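Asks: This is the structure alone, sequence omitted:
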């Protein structure tokens, strides 16, 4: 359980960044992203999503009713999420990132 001083959001949780992180945004493989569950975010905010059985950290962009998940703000090849895609779930907003350089979590 997270200390409420470190994570004052109800039901906040960590996910670990995978191989394809968001390096240009400063999120690298192995980093831990603190996610604040919420039903919506603003355009361009970093989010955590479940897609096809994987958890991803990406920027959220919406154009003409379609959702795009981008590794960087000007991603030339974003992931397009068609309306009603069954294996997509929005988890929440990434509010901070922690990187361990040594110890059991590194």
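Replies: Structure's in. What do you need? Just so we're clear, the structure is a prediction, and the values are computed from it rather than from any experiment.
Asks: Find me the pLDDT at residue 60, would you?
Replies: Predicted confidence (pLDDT) at residue 60: the value is 89.
Asks: Tally up the residues packed near it, please.
Replies: Here the number of neighbours of residue 60 (other Cβ atoms under 10 Å) works out to 22. C-beta: built from backbone N, CA, C; applies to glycine.
Asks: Could you do residue 61 as well?
Replies: Residues near residue 61, counting by other Cβ under 10 Å, number 16.
Asks: Let me see the contact set for it.
Replies: Shown here is residue 61, whose contacts under the criterion Cβ atoms under 8 Å, 6 or more residues apart in numbering are 43-44, 67-70, 78.
Asks: Which member of these is positioned nearest residue 13?
Replies: Compare each of the contacts of residue 61 with residue 13 using Cβ to Cβ and the shortest gap goes to residue 69, at 19.1 Å.
Asks: May I ask which helix or strand encompasses the closest residue to that closest one other than its chain neighbours?
Replies: The shortest distance from residue 69 to any non-neighbouring residue, by Cβ to Cβ, 6 or more residues apart in numbering, is to residue 58 (3.7 Å). Applying DSSP states H and E as the criterion places residue 58 in strand 54-63.
Asks: Can you list the strands that that strand pairs with?
Replies: strand 46-51 (antiparallel), strand 66-70 (antiparallel) (DSSP bridges).
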